[in-house]
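1. sequence and predicted structure are below.
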Amino acid sequence: MGQTNSSKQCPQTSAEELSHCLAERFADQSFNGVELYSFKDNFRTLADVHKSGTGPGGFLYWGEDTLVKFLAIPDCLEVGPILFRSASYIGAFPFPSFAPAVLDFEALVKVVVILTGRYKSVFQRSRPDSLRLLFRSLAVYDRGIQLDGEGDSGVGGGKGKTIDMDFSLEDEGDEWHEEGEEDEDDLSLAALDALDAIEVFGHAEKLKTHHARIPLDILKKLIAFLLVIAPLEPNQPIAEFADRFTPDSLAGVRGVAECVLRGFRCIDEKGVLYRDFKPRIKQALPYIFTPLGPLFEHLLFSKKIDMSIAAPSNSPEPPIPLLSTEGQIMDPNLLSQLSFFIPGTHLWRRLRPLYVGSEAGFSMGSFETKVLKWAAPTILLVSGTRIPFPAETHAQQAFLDRIPSKKYPLASDTHLTGRLVFGVFLNVPWKLSHKDCFGDVESMLFQLEPMHEVFHASRSSTEYAYFNKDDGIGFGSPMQKLKNHYHHHSQSHLNLGPVSLTFEHSLEYGVFQNTGNGGSYHSAGDADYHSRDVFEIEEIEVWGCGGNSEAEAQRKAWAWEEREALLRRQIALGKDPEADKALLEMAGLVGQNRSGGSMP
């Protein structure tokens, strides 16, 4: 492997030979020479030998223990058997009927190429994604939802340890047709198309996912693991995240994983169906599986080859922390959750606090001086608790009276007393908006707790965000235009968009609602999931996406603004005292019992 011509067509037609040919194609076109050498060295050094009973020979393979130990996955994360099971399915690609595959070198090549996304350089004629394949690698059937990592024996299970794998994905019915299966097996078809062997993909390989489910406990463990390794870089050991493995830290990670899991809105406890899995991943978690890429790229780095550049100094600088400082809302777990739908280039080592309400004061003026003039993307986070019904204070009732009377269910009826966390990603700088809203189609409105939801900007309306001292702050709603209406019943109700997050001007209360499409942000889910949360604000944080250069640019912009304001307030005085006095009286600075200070 590694010596074939990438343009050579495979003359074989059997599935086994095509699988071998595809592995060679992957290795040739996906790895450079050093990576392929390192891959082979790692595999041969750690492989077990399966000896045939009919002769002295055998073949090399990796079992579960070998894979888990090489990737250095701690037992406390409980994800080793899940990853091995997934790899054993992907190793059979593009023929799911071969699963579970023994993880020999060719199978591992396919696993690494697919999980790192390098297959895209091989399939030039199409752009399929691996989401359905990944779902199948994690899914089981209702009749056999079990994955405890325990078993008797076998080649695929490592050293005395196997997994009961139920990969029988027979056609179970036709109720999936209304959802459409236009992308079913597209990755497998693209692979065979690249080999000019599309006719080999027979009916036996067209496995449907109608009743396949990912069990909830399996998905939760995987989400927790992905939260921990979200910032992982190629060849970075997982041990560098050891501070996340303590019991207290893991409790926080699993709490966030539970919020993400609720976003799949499972109607029962059996597991997540593909028809729920695909839209949730596409809309709310597009980068959730990104960390698997650098994780499996560990196979491409051999200890025998030192590809690092020697440091010029004996005292290298300490690593820059992923998060410069924590807030009451922002912490490493929430940062990882954000990375599931915001590119890491905006997040890792790029966030700095611009405004924290509990420190700077909950006022529009303080918010303005801290946030405006930041010429880069920002992330606003707000936490709070629901206002009880009936209200406990007059202030709470006064705000409730301003909410349109139409009733909607609470977003999560089973978590009424918990904390709410909402947020907004703005790709453009903040500005005072007295006439027009600001923002662009890259804006995102989201909920992080108690349920993970992401609402992407729509092109049908541009009311992405507004900010002014009279109306407060809003996302997805038109400006309230309350300047002359505070004491008039004609403007008693807030004008809320279908999907919106709104704070009144004192930054004491807020309201979030998801009541359908037609606004500036796309709704998530149908009418069964429409909801409204009215809450008392506990904390507001605004984080700037940028570094020292952006911070310096903001400082200079405010300094220039202050100088201009000072110049506008100054009045040039001449040499005629009487004329100067008259000018000061016209400006209201002297006269009417005002001395105005001494005149020269």
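-> All right, it came through fine.
2. and residue 433, which helix or strand is it part of?
-> Following DSSP states H and E, one finds residue 433 outside all helices and strands.
3. my guess is it contacts residue 469. True?
-> No - between residue 433 and residue 469 there is no contact under CB atoms under 8 Å: 11.0 Å. Heads up, the C-betas are built off the backbone N, CA and C, glycines and all.
4. more neighbours: which of the two?
-> Using other CB atoms under 10 Å, the more surrounded residue of residue 433 and residue 469 is residue 433, with 18 against 14.
5. if I look at the nearest residue to the more buried one once chain neighbours are set aside, how far off is residue 123?
-> Of all residues not flanking residue 433 in the chain, residue 466 sits nearest, at 4.5 Å (CB to CB, 6 or more residues apart in numbering). In this view, residue 466 and residue 123 are 45 Å apart by CB to CB, to the nearest Å.
6. could you do residue 328 as well?
-> Residue 328 is 46 Å from residue 123, where distance means CB to CB.
7. ditto for residue 507
-> Counting by CB to CB, the gap from residue 507 to residue 123 is 51 Å.
8. ranges for the helices of the stretch 51-200 of the chain?
-> Under the criterion DSSP state H, counting those that start in this stretch, the stretch 51-200 of the chain carries helices at the ranges 64-71, 80-90, 105-115, 131-138, 186-194.
9. so which elements touch the following helix or strand past the last one?
-> Using DSSP H and E, the next helix or strand after helix 186-194 towards the C-terminus is strand 212-214. Using 3 or more CB pairs under 8 Å, 6 or more residues apart in numbering; DSSP states H and E as the contact criterion, the secondary-structure elements in contact with strand 212-214 are helix 131-138, strand 140-141, strand 272-273.
10. 7 Å - rerun?
-> helix 131-138, strand 272-273 (3 or more CB pairs under 7 Å, 6 or more residues apart in numbering; DSSP states H and E).
11. and the next element down the chain from it?
-> Next in line after strand 212-214, if elements are assigned by DSSP H and E, sits helix 216-228.
12. just want the angle from that next one to helix 80-90.
-> In terms of direction (axes from the mean of the first three to the mean of the last three CA atoms, to 10 degrees), helix 216-228 departs from helix 80-90 by 100 degrees.
13. what residues does the next helix-or-strand element following helix 216-228 touch?
-> Reading on from helix 216-228 to the C-terminus, the next helix or strand found by DSSP H and E is helix 247-262. With CB atoms under 7 Å, 6 or more residues apart in numbering as the test, helix 247-262 has contacts from 76, 216, 219-220, 223-224, 227-228, 243-244, 333-334, 337, 448-452.
14. what residues of helix 247-262 count as buried?
-> 249, 250, 252, 253, 254, 256, 257, 258, 259, 260, 261, 262 (16 or more other CB atoms under 10 Å).
15. sec struct for residue 353, please.
-> strand (DSSP: H, G, I helix; E, B strand; the rest coil).
16. residues contacting it?
-> By CB under 7 Å, 6+ apart, the contact list for residue 353 reads 325, 327, 541, 543.
17. what's the ChimeraX line that selects buried ones from those?
-> Of those, the buried ones can be selected in ChimeraX as follows, counting by 16+ other CB under 10 Å:
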select :327,541,543
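18. which among the contacts of residue 353 gets closest to residue 498?
-> residue 541 (25.9 Å; CB to CB).
19. with adjacent residues omitted, what lies nearest to residue 77?
-> The nearest residue in space to residue 77 (CB to CB, 6+ apart) is residue 225, at 5.0 Å.
20. burial measure for that neighbour, as a count.
-> 24.
21. same check on residue 193?
-> There are 16 residues near residue 193, going by other CB under 10 Å.
22. roughly how far apart are it and residue 128?
-> Applying CB to CB, the value for residue 193 to residue 128 is 10 Å.
23. again with residue 450
-> 35 Å.
24. and if you look at residue 320?
-> 37 Å.
25. those two: which is more packed in?
-> Comparing residue 320 with residue 128 by other CB under 10 Å, the one with more neighbours is residue 128, at 19 against 10.
26. verify the contact between that one and residue 187 for me.
-> Yes - using CB atoms under 7 Å, residue 128 is in contact with residue 187, at 4.5 Å.
27. in what helix or strand does residue 341 lie?
-> Assessed by DSSP H and E, residue 341 sits outside every helix and strand.
28. run a quick neighbour tally on the nearest residue to residue 402 once chain neighbours are set aside.
-> Nearest residue to residue 402, sequence neighbours excluded (CB to CB, 6+ apart): residue 494, at 5.2 Å. By other CB under 10 Å, the residues close to residue 494 number 19.
29. per the record, what domains does the chain have?
-> With automatic domain parsing as the criterion, the domains of the chain are listed as 15-300, 332-546, 549-586.
30. which stretch in those domains has the least confidence?
-> Among the domains of the chain, domain 549-586 has the lowest mean pLDDT, at a mean of 69.
31. check contacts around the spatially most central residue of the chain.
-> The chain has residue 340 as the residue nearest its centroid, 1.4 Å off, counting by CA atoms, centre = their mean. Residue 340 sits next to 285, 287, 288 when contact means CB under 7 Å, 6+ apart.
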